[in-house]
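Novice: Mind looking at a prediction? Sequence and model below.
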Amino acid sequence: MRVLIADKFEQSGVEGLKAAGCEVLYEADLKDDTLTTAIRESGADVLVVRSTNVTAPMLAAGALSLIVRAGAGYNTIDVATASKRGIYVSNCPGKNAIAVAELAFALILALDRRVPDNVSDLRVGTWNKKEYSKARGLYGRTIGLLGYGNIGQEVAKRAHGFGMPVVVWSRRFASGSADASTDEVPLQIAGTPQEVAERADVLSIHLALNADTKNLVNASILERLRPGSYVINTARAEVMDYVALEKVARAKNLRVGLDVFEGEPAGASGAFSPAIASVPLVYGTHHIGASTDQAQEAIAAETVRIVATYKNTGKVPNVVNLAKKTPATHMLVVRHHDRPGVLAHVFDRLRTANLNVQETENVIFEGAHAAVARINLDGAPSDEVLKEIQGGNDDILDLHLVTI
């Protein structure tokens, strides 16, 4: 199996893929047309990327059957086109959760103690203890989390350790649920994002980006914050309305910590002057949430596991683009002798009847003399078709149709 790595990737991951029997092509700077060409000319079966965009022309260029996002979010991959072409898309959820949670708390602490301003003054020779002695402290202050996936859960653990009550809104909890606490972290569950903002001293965003969450954190939420509240976004820029954030931050003297920005440079370095950065007490980092050695090693190991499993079993862990429900309406259950041609006969009759097989499973009994095939179909075979299947092959022992 040939694996093309088109982004920076840990050497341990490269070695792990080679140890799994893969031919590895590591070209970390590929993107746009050069990536399209590499996919075409390499004949790669698997593409591994981090932040590189994977577009429809790239997917059409070669023979890819699997794309691994070496990270959690996969919004940079054209998943819809991959699905149309039967290409698996997989990711590494949770492997960078601790790293992102650590950065979220670094930003919270930096905002509370105004650490960057302290450093900036010291570097120009200014001592201003009177100004920077004014800190509120975090103990007893409520942190509100929008989203409670792997990263949100890690933030909650750290907040609890700081003595901060935790209020959460997430679709994983029923609206208005009274309690979703664990032994580790007591939680208060809010019915809406607006309710979280009303109750929070610190609002931290941990939402995955999708059609439902794009611009979800808008003026209707931000305006519910109390003056002087803190806002943290280490998720995706697109989940927040940055125009509204700038307006509310100025009006309410919010303190804001951001690791993600609209219109970030595509490269690792370059000029960048986002409007939100001009607001007093907005601190920013350079989209580095997952960039710790620990996180990258964990992601590399998970990528190796995904590719090795696919190579050895044909199954893909962490697939994000399989149908949750197929159009199948009926299941044809065929008990048969385990001999050549039986299923070919069944499928040929189904094809003649213009019935599409959505999913199939063939389970072998001990001794490999008999098997049962479960065949999900997008319609019901007629009685005549069932008789043709039953009577057309002596190795078919029995069959019946189930509505699903």
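Specialist: That came through, no problem. This structure is a prediction, so every number in the text was calculated from the model and none was measured.

Novice: residue boundaries of the helices in the stretch 101-250 of the chain?
Specialist: Here the stretch 101-250 of the chain has its helices, by DSSP state H, counting those that start in this stretch, at 115-123, 129-132, 150-161, 193-199, 219-222, 242-252.

Novice: out of these, which comes closest to residue 391?
Specialist: Nearest to residue 391, of all the helices of the stretch 101-250 of the chain, is helix 150-161, at 54.4 Å by C-beta to C-beta. Every residue, glycine included, has its C-beta placed from N, CA and C.

Novice: That closest one - contacts with which helices or strands?
Specialist: Under the contact definition 3 or more C-beta pairs under 8 Å, 6 or more residues apart in numbering; DSSP states H and E, helix 150-161 sits against helix 97-113, strand 143-146, strand 166-169.

Novice: got the contact list for residue 398?
Specialist: By C-beta atoms under 8 Å, 6 or more residues apart in numbering, the residues touching residue 398 are 334, 335.

Novice: hmm, back to that, among the helices of the stretch 101-250 of the chain, which comes closest to residue 206?
Specialist: helix 150-161 (3.9 Å).

Novice: Out of the helices and strands packed on helix 150-161, which is the most enclosed?
Specialist: Of all the helices and strands packed on helix 150-161, strand 143-146 has the most neighbours on average by mean count of other C-beta atoms under 10 Å, namely a mean of 28.

Novice: Who are the packing partners of that strand?
Specialist: Using 3+ C-beta pairs under 8 Å, 6+ apart: strand 143-146 touches helix 150-161, strand 166-169, helix 193-199, strand 202-205.

Novice: Give me the contact list for that strand.
Specialist: By C-beta under 8 Å, 6+ apart, the list of residues contacting strand 143-146 reads 108, 152, 155-156, 159, 164-170, 190, 193, 196-197, 199-207, 216-217.

Novice: still on that earlier bit, deepest of the helices of the stretch 101-250 of the chain, which one?
Specialist: Mean neighbour counts for the helices of the stretch 101-250 of the chain (mean count of other C-beta under 10 Å) peak at helix 150-161, with a mean of 21.

Novice: Let me see the contact set for residue 254.
Specialist: 222, 225, 227, 228, 229, 230, 231, 248, 281.

Novice: For it, give its distance to residue 260.
Specialist: Residue 254 sits 17 Å away from residue 260, going by C-beta to C-beta, to the nearest Å.

Novice: Please apply the same query to residue 331.
Specialist: In terms of C-beta to C-beta, residue 331 sits 45 Å off from residue 260.

Novice: Those two: which is more packed in?
Specialist: residue 260 (21 against 18; other C-beta atoms under 10 Å).

Novice: which one is the more buried one nearest to, not counting chain neighbours?
Specialist: Distances taken as C-beta to C-beta, 6 or more residues apart in numbering place residue 237 nearest to residue 260, at 4.3 Å, with adjacent residues excluded.

Novice: how about the residue nearest to residue 327 when sequence neighbours are not counted, what does it touch?
Specialist: Residue nearest to residue 327 in three dimensions, not counting chain neighbours: residue 378, with 4.8 Å by C-beta to C-beta, 6+ apart. By C-beta under 8 Å, 6+ apart, the contact list for residue 378 reads 326, 327, 328, 329, 355, 356, 358.

Novice: Most neighbours among the residues you listed, which one?
Specialist: Counting neighbours by other C-beta under 10 Å, residue 355 leads the contacts of residue 378 with 20 neighbours.

Novice: what's it in contact with, if anything?
Specialist: Listed by C-beta under 8 Å, 6+ apart, the contact set of residue 355 reads 377, 378, 379, 381, 385.

Novice: again, but for residue 293
Specialist: Per C-beta under 8 Å, 6+ apart, neighbours of residue 293: none.

Novice: now do residue 55
Specialist: Residue 55 sits next to 36, 78, 81 when contact means C-beta under 8 Å, 6+ apart.
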